[in-house]
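Curious how this folds, go ahead:
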Amino acid sequence: MDLLKWMKFQNFTEKEMSEEAFKTLDIFSKPLLTDEDHERFMNMKDLAMRNLKIIGAIQDDTSAHAYLILVTKLGLENYWKQIELPNNQRDIYKFGCTDKQLKAKQNKYLKHLQKKLQNYEVVVAEWWEQRADELELLNTLKPRQKKLKKLNGVKNVH
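The predicted structure follows:
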């Protein structure tokens, strides 16, 4: 269902649709107050988009563009709604981070993953050592089969 059909289904009048479109354009055209707010907002938007992709809501470019518009609009509305609050109560400061903070978090997580990888490499090596030991033990325990001789030229069948 396209947007106009949906809005008519929801009993929006053309005037209400026009007003909502104007509000959306208005909110997209207002710049954020500081460069730090811009960095925090962009990082929050990117995180929301990544999470939508992880849960399967975003599967192609078309849905990605639609969600990008929604995430951006909702984020901007929330930003301007909370503009008068102290920073420690605003979502952009509670959940967002600057590029510098994001890089530090990413590097910390990268080190965590590298440590997990090293631990996993040890586990895999131990696994295959154990497998080799088990095979060696099995080979020493197997009875050796004797070759049976043919009697009077007749093939022995086992």
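
pLDDT weak spots in this protein?
1-4, 143-158 (pLDDT under 70).

Just give the number of residues close to residue 10.
Using other Cβ atoms under 10 Å, residue 10 is surrounded by 9 other residues. In short, each C-beta sits where N, CA and C put it, glycine included.

my bad, residue 128
Residue 128: 9 surrounding residues under other Cβ under 10 Å.

so what does the longest helix along the chain touch, helix or strand wise?
Taking DSSP state H as the criterion, the chain has its longest helix at helix 99-141. Applying 3 or more Cβ pairs under 8 Å, 6 or more residues apart in numbering; DSSP states H and E, one finds that helix 99-141 makes contact with helix 35-54.

Buried ones in the helix or strand following the helix it packs on, by neighbour count?
Downstream of helix 35-54, the next assigned helix or strand under DSSP states H and E is helix 61-81. Residues of helix 61-81 classed as buried: 67, 71, 72, 75, 76, 79 (neighbour count, 16 or more other Cβ atoms under 10 Å).

then helix 61-81 to CSV, C-alphas only?
Written as CSV, here are the backbone C-alpha positions of helix 61-81 (Å, rounded to 0.1, in the frame of the first residue of the first chain):
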residue,chain,number,x,y,z
ASP,A,61,18.1,-0.7,-0.5
THR,A,62,14.4,0.2,-0.8
SER,A,63,13.6,-0.7,2.8
ALA,A,64,16.9,0.9,3.9
HIS,A,65,15.9,4.2,2.4
ALA,A,66,12.4,4.0,4.0
TYR,A,67,13.8,3.2,7.4
LEU,A,68,16.5,5.9,7.1
ILE,A,69,13.8,8.5,6.6
LEU,A,70,11.8,7.2,9.6
VAL,A,71,14.8,6.9,11.9
THR,A,72,16.1,10.3,11.0
LYS,A,73,12.6,11.9,11.4
LEU,A,74,12.0,10.3,14.7
GLY,A,75,15.5,11.1,16.0
LEU,A,76,15.2,14.8,14.9
GLU,A,77,11.7,15.1,16.5
ASN,A,78,13.1,13.7,19.7
TYR,A,79,16.2,16.0,19.6
TRP,A,80,14.0,19.1,19.3
LYS,A,81,11.5,17.9,21.9
